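K.L.:
Prediction below, plus the sequence it came from.
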Amino acid sequence: MQTIVFIGSNKSGTSREALTISNEMGYFTVLLTNRKSFIRQMKEFPEVHRIIYVEDLLDKDHILSIIKDLEQEKCQIKAVISFIDPFVAFAGRISQELDLVYLSNDALAIMEEKNLVRKHFKKNPVSPKYTVYHYDESIDEIMKEFDDSFPLVLKSPVSNGSKDVLPVKSTEELKEGLKYLKKRTPNKTVLIEEYLMGPQYLIEVMVVNGEISIIAVIEQDILNGTRFIITGYSYPALLSFDESKTLQSAVFHIIQQLELVNGTCHLEMRNVKGQWKLIEINPRMSGGAMNRIIEEGTGINLVKETIKLFLGLEPVLEKTVMKYVYAKFLTIQSKGKLIKVTGKNRALKHDGVTEVFVKPRKGAILREPQSLGDRYAYVIAVADSAIKAKEIASKAADEIKFYLDPL
């Protein structure tokens, strides 16, 4: 049996789609997971032929032992893949050790650690002003580097999905933020960066044998508040010719400086007074509804083409359609136990709506947004203009109501 082994997955989004697409491509699909709930919920993963619980998904010897057992069961391992942090570079190294496919694992590993990213691009103009704070250092000394300039942004070096990323507006908030992150994460350092003002964009990239392809540039709408929660994605981003040209130049420079020859990544960048600045870069395509957004707008199923890359096959990245797409994500403003959700069917009836997804089940505990994981539904709409697509998605999203038992 030709087999693909996936290291880690979320319950929904890009990583889950990868399991479904692997099955549709005719592969025996194996999921290694550190989430015990997935073992209990095996029937909810009909696209997966086998789910194996692994407490430590970075235990190389254990993973190789499982793969050896699969091979003894007549599984022909064709790829080892991960679509979620922090397992992307690790899966690439396993693939290389099994002589499956060559990926740029050193570049992927740099992208998994924010401190390494900033160090790598320190002399690149795309990098914001930053410092790495060690918990035994004096905050006063750190502040001298920023000339007491607020606001600033605090980041855990291994955060993803906007988890453990805090804007701070004063010395007191800085101290409280550092205290919070020290409790939240096992890291001994925190990344402190200048706060960059300007519109933010997500750029999906695939590199095959050194050839860089920008698959999509998507403008992001960010929820006002204490965290960087993205509530809207608009494809394609409406950039001027000069903006597109300078963005492409910046992205190509970043990829080349990373020496990424084979692999995928997505970047988040801000246009700060005409200069592109790198907010972050991750060694995988973006999660959530990104694959659906790109497929609706371009005709490219980027998850499928990424799997093909891991299989050593030639990805097909030709755009076959051109549509304006808007994805509207929903959050809530108070904590509570979910009683019910209404309006999904009404939202689907709006002309132009192609998908409505509601994530939580009855009885789930919901909260105000602290990370991208706290977005509880989305609506995707397509139209013949960016304004119309956003209008349709927003009106349809208004149909969805969450009823909570307050906590």
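P.N.:
In hand now; what should we look at?

K.L.:
ok, now which ones touch I294?
P.N.:
With CB atoms under 8 Å, 6 or more residues apart in numbering as the criterion, the residues that contact I294 are E204, I215, A216, Y235, I300, N301, L302. For the C-beta atoms, the positions are set from N, CA and C on the backbone; glycine is no exception.

K.L.:
whoops, T264 was the one
P.N.:
So, once contact is read as CB under 8 Å, 6+ apart, T264 ends up touching E204, V205, M206, V207, P283, R284, M285, L302, T306, L309.

K.L.:
Among those residues, which ones are in strands?
P.N.:
Taking DSSP state E, the ones among the contacts of T264 that sit in strands are E204, V205, M206, V207.

K.L.:
and which of those residues is nearest K388?
P.N.:
E204 (23.1 Å; CB to CB).

K.L.:
where's the closest one relative to K74, distance?
P.N.:
Separation of E204 from K74 (CB to CB, to the nearest Å) stands at 36 Å.

K.L.:
So between the two, which is more surrounded?
P.N.:
Neighbours of E204 and K74, each counted by other CB atoms under 10 Å, are more numerous for E204; the result is 24 against 9.

K.L.:
roughly how far out does stretch 308-323 sit from the chain middle?
P.N.:
Counting by CA atoms, centre = their mean, to the nearest Å, stretch 308-323 is centred 19 Å from the centre of its parent chain.

K.L.:
what's the average pLDDT for that stretch?
P.N.:
Along stretch 308-323, the predicted confidence averages to a pLDDT of 95.

K.L.:
if I pick the nearest residue to P315 once chain neighbours are set aside, what's in contact with it?
P.N.:
Of all residues not flanking P315 in the chain, E305 sits nearest, at 3.9 Å (CB to CB, 6 or more residues apart in numbering). E305 is in contact with M206, P315, V316, L317, counting by CB under 8 Å, 6+ apart.

K.L.:
Where does the prediction get shaky in the protein?
P.N.:
Within the chain, the stretches falling below the threshold (pLDDT under 70) are 147-148, 160-162, 186, 225-226.

K.L.:
most remote residue from it's center?
P.N.:
Note on the chain: the largest separation between a C-alpha and the mean C-alpha position, by CA atoms, centre = their mean, falls on Q72 (34.8 Å).

K.L.:
Pick out the most distant pair among the contacts of E305.
P.N.:
The largest distance within the contacts of E305, taken as CB to CB, falls between M206 and V316 and amounts to 10.9 Å.

K.L.:
which of the two has more neighbours?
P.N.:
For M206 against V316, the residue with the higher neighbour count under other CB under 10 Å is M206, and the figures read 23 against 12.

K.L.:
Name whatever forms a beta bridge with the more buried one.
P.N.:
According to DSSP bridges, the partner residues bridging M206 are S213, T264.

K.L.:
contacting residues for it?
P.N.:
Neighbour list for M206: S213, I215, G263, T264, L302, E305, T306, L309, P315, L317 [criterion: CB under 8 Å, 6+ apart].

K.L.:
List the buried residues of the longest helix along the chain.
P.N.:
For the chain, the helix that runs over the most residues, judged by DSSP state H, is helix 241-258. Of the residues in helix 241-258, those buried under the neighbour-count criterion (16 or more other CB atoms under 10 Å) are E243, T246, L247, Q248, A250, V251, I254, I255, L258.

K.L.:
got the contact list for that helix?
P.N.:
Surrounding helix 241-258, the residues in contact under the criterion CB under 8 Å, 6+ apart are 104, 107, 110-111, 120-121, 124, 126, 201, 203, 205, 207, 212, 214, 217, 239, 265, 267, 269, 271, 274, 276, 278, 281.

K.L.:
I'd like the distance between the residue nearest to L317 when sequence neighbours are not counted and T14.
P.N.:
Excluding its sequence neighbours, the residue lying closest to L317 (CB to CB, 6+ apart) is S213, at 5.1 Å. S213 is 18 Å from T14, where distance means CB to CB.

K.L.:
In terms of neighbours, single out the busier of the two.
P.N.:
T14 (22 against 14).

K.L.:
was I right about the residue nearest to L317 contacting I203?
P.N.:
No - applying CB atoms under 8 Å, one finds S213 not in contact with I203, separated by 11.0 Å.

K.L.:
Stretch 360-369: how far from the chain's middle?
P.N.:
21 Å.
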